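Peer 1: Any chance you could fold what I've pasted below:
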Amino acid sequence: MANKVGGRIVRIKLKGFMTYDDLEIKPDKGLNLIIGLNGSGKSSIMSAICLGLGGKPQFTGRAVQLSDFIKYSHTKAIVEIELESPHSRNDVICRVIQVDKHLWYLNNKLVHQNEITSLIKKYNIDTSNLCQFLPQEKVAEFSKMDKKQRLVNMIQAIGDPSLVTLFDELKTLRNDLCRFERDLEELESNKISEEKMNERLKPEIDKHEERQQLKIELDILQFKRMVCHYSVLQDSVKKKEAERKQLNLEVLKMEETSNKLKDEKRRYSSELSNYLTKVNELKTEVSSRMKNLTKYYGNLGKCHEEIDNAKINFENRMLEKQEQTAKLTALSRQIEGLKDILSLKKDDMRALKEKLMENIKKYESVHQQLSCCDSDLERVNLDKNALEYRKKFKQEEIYRISNEEDKKYEVLRQKYPDTYTALKWLQQNESSFRACISPPPLVSIKVEKDENRRFIENAVADRDLLMFVCEDKGDLERFVKIIKHEKKLCVNVSMVPDESLADFSSRPITNNMRNLGIHCYLKDLFTAPEPVMRFLCKLNRVHQVPVCTEKAESNVDTILKFSNLFFTASEKIMGKRSKYGQQSMSVRRDVLISRNILPNIKDNTAALHSAKMELQEIEKELLKYKQQYDALEKLRTQLERQQEQLRTEKNTINSEQRKLNDLRAKLGQITEIYDKKAKDIIDEEEEKNKVTVAVCNLNAKKLEILTEIHKIVKEILHLKKEIATSILYMRGFGEKISSLEVKISYQEKQLQNAKSRLSVVESEKIRIKAEGVKLFADLQAKKKSSKNVKEYEMVVSSQNLDLEEIEQRISNIEAQIELTDEDIAPIIAEYTKRKQAILSIEEQLNSIKAMVEDLKMRLQEKKRRWLPPLITHIESVNRKFSKYYKILKCAGEISLDQTDDTDDFPNYGLQIKLKYRVNEEFMELSQTHHSGGECSVAAIIFILSLQELTDVPFRCIDEINQGMDAINERNIYQLVADAARSGSCSQYFLLTPKWLHGKRKAMPFAVPMIWREPTNHIDCYFCMVPPASEDSPRKRRDASKPSLKAVLLNNGNELPSIPVSDAVYMKETYHNLKQLLEMINYSKYGWQIRADLKVVPLFMGLQLGYTKYFCFLSLRDSRAIALQYIKRDWPQRASFKPGEMNVEHPPLAEQHKIIIPLLHIKLDLVKNLVKPMDKNEPAFKYLHEKFPRLSVAKMKEVVFVGPQIK
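Peer 2: So this is what the prediction gives:
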């Protein structure tokens, strides 16, 4: 069983990752079907699982660099995955991705990536294994693989490392064996060729030996010349040594004189330095005294300022006291005035209270009379309205009876009593519905001629003729509830189609069509109310069914090209094409029979007279109720007038009372202010004493400061005298030092000249000595390297060596060698080299033959270990593969292609043969012979067949249903669901942009839904849990828990999320989009809309065919292909008035709220354009201006598409 060691994903949390700001999901066990629109972020979850579990960015097929997964405007991306652990607490892996680095955390601790890798390996998780992790790009790659690639991927997917290792080793051994065999053949051929070449060079080698004797004699003479030259060099060295000793004595005397002068100069410099230090110290002390003096002067100025401030503050306090006294006097006068006013108003307060009580009693009496009058008025009004409804119904009944066509109601009552009862009830209660509910077509259509009734009876079904047509969904639900559930009547009810009557316009009948026998369309034979006509056009296509004359009998095949159904005078002819090919058509003919569904008209004179009499009685009774209603209305007006007068009088009394209360409150406030200000008045004597004390203290402080200033001035004068004395001594020492420097300079020049002469002599001696050493070394080397050692020793021991005679003999021998010598050195080298090459080739041949034998033994041994298990696995996969294809009513088989040479392992391949139809042969899987849907089916079935060979905690598959039809899509989902329950994996993730057709109430898996909030771009996650059935083990679950859980990721949004509506069979049409926007109350919220370029023109009401380019922004004609790349400027679309500029309907949304989607295809063209472009030209700079958020470095790398743009 799977998940023995844990590893199931319990929780996924993302922050700033690709399309998500913040996301947290908790997958269930078993199959998790993730559904969302294209671009909503499904594959982002797949990428997060891959990267969060140590996978490489290349495995996702989305980007190469980790930084490309960081969402725009975020500095980092966080992927946190919690894995189930069976024996301890769950393991939480967190990966933090930044621009230049990424960090790993395990259970909130920073760890190295190796620890994460070992943990993932422990849980048997491998994101590179296609059986566990299958991105949507890999499905398309599967059909592109050749046999070799399929075999390699299958062996890797099985998960047995020994099979992979052995296969690689076998291919390596096979390649090495082939290489060695080729080397053997090449070496044998080279050996024969080299031996033949050496036989041709043998005569030239013999001539070369004769010339060697002359060269030996020349070599001995050259040695004699070197010995003579060496003796001359020895004499030169002895002379230079004597000259060097004489110059060295002169240099020593000059250096002694120079050192004495320098010592005297250092003594005077030391004295000068001491006096300079003393002067600097005295100046520092003077500067310190000056700072103190400045500080005391500043303190003295502050004392003067503080004395002046104390006097000014005293004057200000006296002025403030005068202001306080004046304010208290004014407040006292206000208090006395308010007290006088309140004493005069005491009697008025009592009168106002009595008057208010009397007013309240009168108001309550009038209010009670008014309530009684309203109840009587409402009762009379209800009775009057009921009579008016009866009058209106009776008038309509009289009109219907008097109209000859309305006599169909009698036939409806006899043949279809339930429908008649429902119609009568509808006529009586028609005003209680928000919109019109049209009667059935049986009573609402009008056929111009009786002979045309049979066409309608044979074209429209009975249930459609008895169908009530509603224009409002709420009316439909209410009508069905009352008629079917409460009154228990069996009737047919339907909604009016969204399309207008103009959308059901018939194709014009041309002369060619009339010649074929087409007379008119079925719609032209009758009239009906607009909703009924729209219903019949939508359901029975009466606007497209031709009615033909007798000419049509000879033109049946031609007419069927215009319409697959038409009528002649006596027959109903239908044509039907095969679903599997449009070439063959079957034709069916039915004889027209009058079914007598549409009734004939009868006389209803008696019923008309009775209805008129009832109408007169109703009008008399209605007149009485109108008189009562008018009298009550007049009484109500009088009572309302009295009530308004009492209300006005009450407001006047309340106003007077509020004025008196305001006077009392104001008196209390002013009295409180007066008491507070009286306590805060200033004391003049206390202020005088404060100022006197402050001035005395400041004068004493001034005296102390002046004393310190006098003392500091005396000290500064004494220090300046000492500084002047020291400067005079410094000048005397400076003059003596200048005189000594002149003498030292002259002595240094003399010394430098002597040293230069000494250096020249030493260098000459060294040069001659080096030349002699080199010559001696050459002599010794020549003796060691030469074969004529005895001759060399005789030359050295002999004393009579004449250099000129030796030179003459050398010149003669060199001339002789030069005349007889031929340049055969290349020939000798070639001969020697080829001889050595032959020996080397023989050694290589022996070595390679031994290696070939060893490789053959190793190859056979590894083949015995690798091939049988592989064949067993392939047979197991083939059984599963064939079984799954048999379920799909197709055939498929898998086999190992071993080629003619069974040891040719690099060319081994996995052969997949498929047969999708009964009448075709087995064909190998390829994009050439199979469609995209068939390739997708083969890919997922192959992966499912492999899965039982690998035991993993979870599997991820991304959009495997691309290109499949609805049947294969449903079957594949069923196979995946069965595989999820089979036990090879405890958890499954399946991503798809499509919703499943059928079996929607009992899905055995969780369905997360992902979409984008149109206003705030907030990601939402929905998990739909199927309700437990009676037989399900989950039937005891708490029924109060909702089956639909919604988690809003951004809690700061102000607008609600869009509700999810189930619209699997809804087409992308204007009326369907209009209905969808009405159901979600779009007019209230006004969200922004993001849709593809096919849907956007439908929102703006444009006609079909204008779905390309940006025709909703400009007046560009998408059909004017010749002008697409010529005309650059198109007029801006200023209005969306129906009937003008290709606008058919009013817009469903405002133009500025349409968000244009990313044009991935167009950006791919930009990538191909930028690759060869010079990055320094103005064209590249222009592109950079158009993509301001992309850096220059990314544009140079041609990064324009998908998650690469952040």
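Peer 1: Quick check, pLDDT for residue 557.
Peer 2: On pLDDT, residue 557 comes in at 83.
Peer 1: nope, residue 1165 is what I meant
Peer 2: Confidence score, pLDDT, at residue 1165: 58.
Peer 1: Equivalent analysis for residue 109, please.
Peer 2: 90.
Peer 1: Residue 1162 too?
Peer 2: 50.
Peer 1: same deal with residue 537?
Peer 2: Note on residue 537: pLDDT of 92.
Peer 1: Ignoring the adjacent residues along the chain, who's closest to it?
Peer 2: Excluding its sequence neighbours, the residue lying closest to residue 537 (CB to CB, 6 or more residues apart in numbering) is residue 504, at 3.8 Å. For every residue, glycine as well, the C-beta is placed using N, CA and C.
Peer 1: what's the burial count for the one you found?
Peer 2: 18 (other CB atoms under 10 Å).
Peer 1: my read: it touches residue 545, true?
Peer 2: No - here residue 504 lies out of contact with residue 545, judged by CB atoms under 8 Å, at a distance of 11.9 Å.
Peer 1: Would you verify that residue 989 is located in a helix?
Peer 2: No - under DSSP: H, G, I helix; E, B strand; the rest coil, residue 989 sits outside any helix and is assigned strand.
Peer 1: Next, the residue nearest to it when sequence neighbours are not counted: secondary structure please.
Peer 2: Of all residues not flanking residue 989 in the chain, residue 956 sits nearest, at 4.3 Å (CB to CB, 6+ apart). Of the three states, residue 956 takes strand under three-state DSSP.
Peer 1: Count the neighbours of residue 956 for me.
Peer 2: Using other CB under 10 Å, residue 956 has 21 neighbouring residues.
Peer 1: Quick check: the gap between it and residue 36.
Peer 2: When distance is defined by CB to CB, to the nearest Å, residue 956 is 15 Å away from residue 36.
Peer 1: same question, residue 149
Peer 2: According to CB to CB, residue 149 and residue 36 sit 31 Å apart.
Peer 1: where does residue 899 fall, phi/psi-wise?
Peer 2: Main-chain torsions, residue 899, degrees, to the nearest 10: phi 60, psi -180.
Peer 1: what do you get for the one 10 residues further on?
Peer 2: Residue 909 adopts backbone torsions of phi -150, psi 170, taken as degrees, to the nearest 10.
Peer 1: Quick check: which ranges of the stretch 1101-1206 of the chain have low pLDDT?
Peer 2: For the stretch 1101-1206 of the chain, residues meeting the criterion pLDDT under 70 lie at 1104-1112, 1116-1128, 1156-1169, 1189, 1200-1206.
Peer 1: can you give me the strands in it?
Peer 2: 1154-1155 (DSSP state E, counting those that start in this stretch).
Peer 1: need the helices for it, in chain order.
Peer 2: All helices of the stretch 1101-1206 of the chain, identified by DSSP state H, counting those that start in this stretch, fall at 1160-1170, 1178-1186, 1192-1196.
Peer 1: what helices or strands is the shortest one leaning on?
Peer 2: With contacts taken as 3 or more CB pairs under 8 Å, 6 or more residues apart in numbering; DSSP states H and E, helix 1192-1196 sits against helix 1178-1186.
Peer 1: Quick check: residue 468 is in a strand.
Peer 2: Yes - counting by three-state DSSP, residue 468 is found in a strand.
Peer 1: on that earlier part again, from residue 572, how far out is the residue nearest to residue 537?
Peer 2: Distance from residue 504 to residue 572, by CB to CB: 21 Å.
Peer 1: now swap in residue 440 and tell me
Peer 2: 23 Å.
Peer 1: Look at those two and report which has more neighbours.
Peer 2: Comparing residue 440 with residue 572 by other CB under 10 Å, the one with more neighbours is residue 440, at 26 against 19.
Peer 1: leaving aside the residues next to it on the chain, what's closest to that one?
Peer 2: For residue 440, the closest residue by CB to CB, 6+ apart turns out to be residue 466, at 4.7 Å.
Peer 1: just residue 950 next, same as before
Peer 2: Nearest residue to residue 950, sequence neighbours excluded (CB to CB, 6+ apart): residue 159, at 4.4 Å.
Peer 1: With residue 480 instead?
Peer 2: Spatial nearest neighbour of residue 480, excluding adjacent residues (CB to CB, 6+ apart): residue 493 at 5.5 Å.
Peer 1: same thing with residue 496?
Peer 2: Leaving aside its sequence neighbours, residue 496 sits nearest to residue 531 (CB to CB, 6+ apart; 4.5 Å).
Peer 1: try residue 71
Peer 2: Nearest to residue 71 is residue 16, by CB to CB, 6+ apart, at 4.9 Å.
Peer 1: give me phi/psi at the one you found?
Peer 2: With angles defined as degrees, to the nearest 10, residue 16 sits at phi 60, psi 30.
Peer 1: Now do the same contact list for it.
Peer 2: 70, 71, 74, 75, 76, 77, 78 (CB atoms under 8 Å, 6 or more residues apart in numbering).
Peer 1: Could you rerun that using 7 Å?
Peer 2: 70, 71, 74, 76, 77, 78 (CB atoms under 7 Å, 6 or more residues apart in numbering).
Peer 1: Check residue 859 too.
Peer 2: Residues in contact with residue 859 (CB under 7 Å, 6+ apart) are 170, 173, 174, 177, 903.
Peer 1: try it again with 6 Å
Peer 2: For residue 859, the contacting residues are residue 173, by CB atoms under 6 Å, 6 or more residues apart in numbering.
Peer 1: Can you classify it as helix, strand or coil?
Peer 2: Per three-state DSSP, the secondary structure class of residue 859 is helix.
Peer 1: Thanks again, I'm all set now.
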